[in-house]
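Participant: got a sequence here, can you build the structure:
(3 chains)
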Amino acid sequence: MPISIATEPDRLLPADPGTRRIARGLLDLVEQLPIISPHGHVDAAVFADDLPFRDPATLLVTPDHYVTRLIHSSGVPLERLRIHENSSARDVWREFCAAWPLFEGTASGYWLRSEFSHVFGLEDELSADTSDASFDTIRARLAEPGFRPRTLFTQFNIEVLATTDDPLDDLAHHAALAADESFPGRVLPTFRPDAYTNLAHPAWIENVDRLISTAGDGATGYAGYLAALENRRQYFIDHGAVSADHGVHTPRTLKLECSEAEEILTRARRGERRDGDRERFEAHMLYEMARMSVQDGLVMTIHPGSFRNHHLPTFEKFGADTGHDIPIPVSYTEAIRPVLQDFGTAKNFHLILFTLDETVFSRELAPLAGFYPAVHIGAPWWFLDAPDAMLRFRSAVTETAGFSRSSGFIDDTRAFCSIPARHDASRRIEASFLARLVAEHRVSESRAAELIVDVVDRAPRRAFKL
Amino acid sequence: MPISIATEPDRLLPADPGTRRIARGLLDLVEQLPIISPHGHVDAAVFADDLPFRDPATLLVTPDHYVTRLIHSSGVPLERLRIHENSSARDVWREFCAAWPLFEGTASGYWLRSEFSHVFGLEDELSADTSDASFDTIRARLAEPGFRPRTLFTQFNIEVLATTDDPLDDLAHHAALAADESFPGRVLPTFRPDAYTNLAHPAWIENVDRLISTAGDGATGYAGYLAALENRRQYFIDHGAVSADHGVHTPRTLKLECSEAEEILTRARRGERRDGDRERFEAHMLYEMARMSVQDGLVMTIHPGSFRNHHLPTFEKFGADTGHDIPIPVSYTEAIRPVLQDFGTAKNFHLILFTLDETVFSRELAPLAGFYPAVHIGAPWWFLDAPDAMLRFRSAVTETAGFSRSSGFIDDTRAFCSIPARHDASRRIEASFLARLVAEHRVSESRAAELIVDVVDRAPRRAFKL
Amino acid sequence: MPISIATEPDRLLPADPGTRRIARGLLDLVEQLPIISPHGHVDAAVFADDLPFRDPATLLVTPDHYVTRLIHSSGVPLERLRIHENSSARDVWREFCAAWPLFEGTASGYWLRSEFSHVFGLEDELSADTSDASFDTIRARLAEPGFRPRTLFTQFNIEVLATTDDPLDDLAHHAALAADESFPGRVLPTFRPDAYTNLAHPAWIENVDRLISTAGDGATGYAGYLAALENRRQYFIDHGAVSADHGVHTPRTLKLECSEAEEILTRARRGERRDGDRERFEAHMLYEMARMSVQDGLVMTIHPGSFRNHHLPTFEKFGADTGHDIPIPVSYTEAIRPVLQDFGTAKNFHLILFTLDETVFSRELAPLAGFYPAVHIGAPWWFLDAPDAMLRFRSAVTETAGFSRSSGFIDDTRAFCSIPARHDASRRIEASFLARLVAEHRVSESRAAELIVDVVDRAPRRAFKL
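Facilitator: As a prediction, the model looks like this:
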């Protein structure tokens, strides 16, 4: 069966013919614009090394927990989605092809089908019967010089791509890329200190020891800890970073007395955590990170509300990011107040708030961003960066906050080859939403033409200070 | 006024002509498929006895709390919706006809209008003016041999109908039906132990005494209690049961030490409940029920989050299930974790999670079911099994979990004659949702044709092991 | 650029041509009906004095926190949106015109554009370039005799307008208007006792002192407090009030022992509040207010769930109602139960429940109002009285509660000139929602014609006892 739907020019656009015509016109204005990807998880080494991608399974299946999770839900153990002595790349690909029908209607299925068609030139739908053929086709493509990461980066029309990095990363790959005049793309690091601020992180004690000893300016204890974080932020800024990202359990913030923060830190480094220490310290450090952002200008992004590693046996066997991070209810209004009291109108402070709990969109994010100059509404994220969910997002926030207060699309992905499909889908949804407003005479067609360029291109540059 | 809208072939299908055409084509594929009803509240005695239904009021008004609640909200006391010495069936029917306009736009109104037209052959809308005529017409129909329960069962094209039963029920009606070769339908019991696990149930002490003494294999205390539950589950399985259902206040689960469970049970049997005992014991027993399901293979369904009997004066006067069970906020992610840690990947364990709190669909159910092989997403239930709500459900879960992880429609009803209308409505909504995906080029038309059969027919068989 | 979209006859109606045709027909039935505005914040003095409006900025910008909040979010300090020695009305208007593009897609933008076109006769869109011209045009209009408040009241076709008033207000303006035979409109006061029941209100102690001394019939303490509230309610009723409104942090209700209520009151008047006093007393007084409503017949409206004055520095500088009230999660089911247990079926008790948390619509409000005769579902409020949000509201509540249980539109505004646009938008959305039900054959066209008149005109009269 041919992958004809992936090449339909009007895919994702509204069914009503009049509205679709308007959407098509709006989409034409942004379809060719460069991709701005200010938050994601592709490794900078991919472009620094520019090695060919290994094989279809290693590129498209194993590392993508959007993909492995759904196959796992059908009863396929994660082992069978990894290459090991009893399982070749071709075996993994067979599992994936057999499971392909599970992805109908999903966002991942949409992106993947789009990649197969537009990036790899497959002409037929994946199927169990043809898994070897599709494996061979993709593997052959991956061996072509045109499929090296840097070439794809250019071909994908990516202008900026942000990675997510450990505070002690030396950012050598970023430096190498910046120094390389033959590579026109911008690959920017992002400061992500969770493993240094979450006392429950398995390696927290050694992380903090290393942080203070290598970057604490000789200071020790809490003073050294803060100094080291500030220093490393500056190091990131010097290497092009524009934002710091915080993956916290809840968005709670709290300004502790310095003495209490020091006591908790000291206790925790001795392995003597008390009840509430983890929560209070994380909330306090989220406040401190806001303070540092006000000082050094890094855009602050918060990604809260994911119960990480929900299935302990899977975590113990396969580690983190293996598909069982599950959202919990979130509320920002009281949680983020300490930060907004002190910095909500601070000059040039950008705070981008994300959520996996859709209820927050209309109830809290639009009202907060519709008052505080600091607050930007994060794009629909993770389980929500899908066509219907993105439409629900726009519908939920726009009537209160308009278009100017949202951060623009982020792909948040480690699946490099899915980036064009994700941004394309986002642009189609923006066009669809605006087209409906035009059809309902709520926005004029000429103004909609300006707005689509703004939300696709200017909003991420503005929100992320690019 | 004629009931013309009930016979419109395209009722419930999307207004856009192109999408409607696609939906119509999809609906054609499933409109005639047999009804699978794996969860509901019709009494098996109805079919075992096969007596004629008594009268329109007793059949369609008094026992249906969807109906009585809305009439009650308009100020009609529940007394007036029951037959007693001052109120005949005809009087009750008059109240209902007078209140009929209240039902415009409701799911109940849709089902009822459909029943009036398709089951009872009424040609005109109900109205206060014609209440005696409609009463007489329906009463005359009920007296016809073609309106006996078993005949309707066949005429409704029901293949499987599950009832909901007390663990100590002897299931004699189910046995009689299974033994009766003249009755081709399957009427299956469902194990529902709430009245034995909820310490706050008014009859809990006597229920547990009876349970242990009749089914505890001679053991006493907690050991006898567990053994008796296991024995009764097996008894249900032997009588065709495929699932156990749990109507809990919250979905919290907890694995208590055996000694603590025993202590709580002992205390509670003496009427000496302490703070937290009820919550801890119910959470523990929900865990234990999962463990038993893993062992004996009964599908586990959880229906949480209803504040039962909200209006105490009505409960005291009319008992339970009289229309004032009101939903509360629910979250599964942390609550169900103890069960999923231990059994989330257990072979052949099916756990179907329902919710009355729509926020759970995209935030938790789709992510959970999109990883854990055990978890299936329960269909929209109770206040949510309505056209718009079912579309919201599909939109909320599909982009993360696809179509394979949902349980298929359940009608959950004690209103036997509404079953065809409910399943028909569900099929129309599935066709509508898929048609939109086709129109937006997100699913191919040929794949949608397979999917609609899967969600209507195969999903409930698969999820409920039928 | 001409403001053509504001005059499109089909603005806000659904894009699908068939559905739009139906919606247009339904809208025709209600477009000319008088405006019933049973809850809002316009000052009665405006009509009693009937002075010309001062200038465009004072009328349309400074007092409207929907407007100032969004401009503030773009980085414009609130000072620049107020007239003072360094900032004229024309300066404020320039700021507004420069910020006008922020309002695209917002509800406020829709209302404002509608006002500019339909009330002030502007022919071009606002823009920074033409701000002086639009200022002059509007200012000239405001000087015309036809733009006096009373004339506009009539021209806007307002039949009833409720204000919101302090319990100790003498209601002289209301009395004057009622006595003035030249003014045909009804301007009704609304009893709003928050500043007397919320112990955390900055002026609570002096408010209560004054309340008891002026209206307590000579009694002191808790007895005087209750008597005074009852007396003032009666005073309001004598001046035409039909409702009492309660802007509470949460909808929690509680029936305290009289002695405990008295103790808390006594303590709090001495400035000696204990932990929990505020919450318990407010919950108790919400219960007491329900009791009084049952006795005196005032409709009770509850507006909970707004975290008031979220940004303390702004509150300290500019006071309350300056755009940083941010919603929090709300649940009514358990919170309102004490009131519903005792008064949920009380004769002639009307309790209208509002929410800023959309999750409450389908989960709680529709089920509560679909059983309790006392409960009416409040219209979408504040951030939710926008086209898409109003459609979500109807979709969320109708399938459970039908159309009869909602209160009808409230504009809840202090922006007098926006009232026609707000009611017009609401009517268009009601027509759109009903038109979809007709197109989907869920409601007949003739019944929809009755329903639209009911929801627009009869529902507010019924719910608010007008």
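Participant: so who does A:Ser73 touch?
Facilitator: Each residue near A:Ser73 by C-beta atoms under 8 Å, 6 or more residues apart in numbering or on different chains is listed here: A:Leu102, B:Ala369, B:Gly370, B:Phe371, B:Tyr372, B:Pro373, B:Val375, B:Ala401, B:Ser404, B:Arg405. For the C-beta atoms, the positions are set from N, CA and C on the backbone; glycine is no exception.
Participant: and what of A:Pro189?
Facilitator: A:Ala44, A:Ala162, A:Thr163, A:Asp165, A:Asp169, A:Leu171, A:His174, A:Phe236, A:His239, A:Gly240, A:Ala241.
Participant: among these, name the ones in helices.
Facilitator: A:Ala44, A:His174, A:Phe236 (DSSP state H).
Participant: let's have those residues in CSV, adding neighbour count.
Facilitator: Output for those, formatted as CSV (neighbours: other C-beta atoms under 10 Å in any protein chain shown):
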residue, neighbour count
A:Ala44, 23
A:His174, 24
A:Phe236, 25
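Participant: if we take the residues you listed, which one ends up nearest to chain C?
Facilitator: A:Phe236 (25.9 Å; C-beta to the nearest C-beta).
Participant: surely that closest one and A:Leu171 touch.
Facilitator: Yes. At 7.0 Å, A:Phe236 counts as touching A:Leu171 under the criterion of C-beta atoms under 8 Å.
Participant: could you tell me which residues touch both of the two?
Facilitator: Joint contacts of A:Phe236 and A:Leu171 (C-beta under 8 Å, 6+ apart) are A:Asp165, A:Pro189.
Participant: which segments of chain A make up each domain?
Facilitator: A:4-50+A:157-463, A:52-147 (automatic domain parsing).
Participant: right, and those - which one's nearest C:Thr7?
Facilitator: domain A:4-50+A:157-463 (9.1 Å; C-beta to C-beta).
Participant: and A:Val443, its phi and psi?
Facilitator: phi -140, psi 140 (degrees, to the nearest 10).
Participant: tell me the contacts of it?
Facilitator: Counting by C-beta under 8 Å, 6+ apart, A:Val443 touches A:Leu434, A:Leu437, A:Leu451, C:Ile5, C:Glu104, C:Gly105.
Participant: now stretch A:418-428, how far from the centre of its chain.
Facilitator: Relative to the centre of its chain, stretch A:418-428 is centred 13 Å away, using C-alpha atoms, centre = their mean, to the nearest Å.
Participant: which parts of the stretch 151-300 of chain A are helices?
Facilitator: A:172-179, A:194-197, A:204-215, A:221-238, A:258-269, A:277-296 (DSSP state H, counting those that start in this stretch).
Participant: TSV for the ones you listed, including distance to chain C and mean pLDDT?
Facilitator: Putting the helices of the stretch 151-300 of chain A into TSV (distance: least, C-beta to the nearest C-beta, whole Å; pLDDT from 0 to 100) gives the following:
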stretch	distance to chain C	mean pLDDT
helix A:172-179	31	97
helix A:194-197	25	97
helix A:204-215	31	97
helix A:221-238	23	98
helix A:258-269	21	97
helix A:277-296	15	98
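Participant: which one of these lies nearest to B:Phe156?
Facilitator: With distances scored as C-beta to C-beta, the stretch of these nearest to B:Phe156 is helix A:277-296 (55.0 Å).
Participant: quick one, that closest one and helix A:221-238 angle?
Facilitator: For helix A:277-296 against helix A:221-238, the angle by axes from the mean of the first three to the mean of the last three C-alpha atoms, to 10 degrees is 50 degrees.
Participant: for helix A:277-296, output the C-alpha coordinates as PDB.
Facilitator: Extracted C-alpha coordinates of helix A:277-296, given in PDB (Å, rounded to 0.1, in the frame of the first residue of the first chain):
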ATOM      1  CA  ASP A 277      14.300  18.000  52.400                       C
ATOM      2  CA  ARG A 278      14.100  16.900  48.800                       C
ATOM      3  CA  GLU A 279      10.900  18.900  48.100                       C
ATOM      4  CA  ARG A 280      12.000  22.100  49.900                       C
ATOM      5  CA  PHE A 281      15.500  22.100  48.400                       C
ATOM      6  CA  GLU A 282      14.300  21.500  44.900                       C
ATOM      7  CA  ALA A 283      11.700  24.300  45.300                       C
ATOM      8  CA  HIS A 284      14.300  26.600  46.700                       C
ATOM      9  CA  MET A 285      16.800  25.800  43.900                       C
ATOM     10  CA  LEU A 286      14.100  26.500  41.300                       C
ATOM     11  CA  TYR A 287      13.700  29.900  42.900                       C
ATOM     12  CA  GLU A 288      17.500  30.400  42.900                       C
ATOM     13  CA  MET A 289      17.700  29.400  39.300                       C
ATOM     14  CA  ALA A 290      15.100  32.100  38.500                       C
ATOM     15  CA  ARG A 291      17.300  34.600  40.400                       C
ATOM     16  CA  MET A 292      20.300  33.500  38.300                       C
ATOM     17  CA  SER A 293      18.300  33.800  35.100                       C
ATOM     18  CA  VAL A 294      17.400  37.400  36.000                       C
ATOM     19  CA  GLN A 295      21.100  38.100  36.500                       C
ATOM     20  CA  ASP A 296      22.700  36.300  33.600                       C
END
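Participant: for it, list every residue counted as buried.
Facilitator: For helix A:277-296, a neighbour-count test (16 or more other C-beta atoms under 10 Å in any protein chain shown) marks A:277-278, A:280-294 as buried.
Participant: say whether chain B is contacted by it.
Facilitator: No. Using C-beta under 8 Å from any C-beta of the partner chain, helix A:277-296 never reaches chain B; the gap is at least 14.5 Å.
Participant: buried residues of stretch A:162-175, list them for me.
Facilitator: Using 16+ other C-beta under 10 Å as the test for burial, stretch A:162-175 gives A:Ala162, A:Thr163, A:Thr164, A:Asp165, A:Asp166, A:Pro167, A:Leu168, A:Asp169, A:Leu171, A:His173, A:His174, A:Ala175.
Participant: residue in the stretch 351-466 of chain A nearest to chain B?
Facilitator: Residue nearest to chain B within the stretch 351-466 of chain A: A:Ala386 (3.5 Å; C-beta to the nearest C-beta).
Participant: do the same with the stretch 151-300 of chain A
Facilitator: Closest residue of the stretch 151-300 of chain A to chain B, C-beta to the nearest C-beta: A:His249 (11.0 Å).
Participant: phi, psi for that residue please.
Facilitator: phi -70, psi -50.
Participant: what residues are up against it?
Facilitator: By C-beta under 8 Å, 6+ apart, the contact set of A:His249 is A:Asn198, A:Glu282, A:Pro304, A:Gly305, A:Ser306, A:Phe307, A:Arg308.
Participant: so which of those residues belong to strands?
Facilitator: Helix and strand membership here follows DSSP state E; of these, those in strands are A:Ser306, A:Phe307.
Participant: of the contacts of A:His249, which is the nearest to chain C?
Facilitator: Using C-beta to the nearest C-beta, the contacts of A:His249 come closest to chain C at A:Gly305, 13.0 Å.
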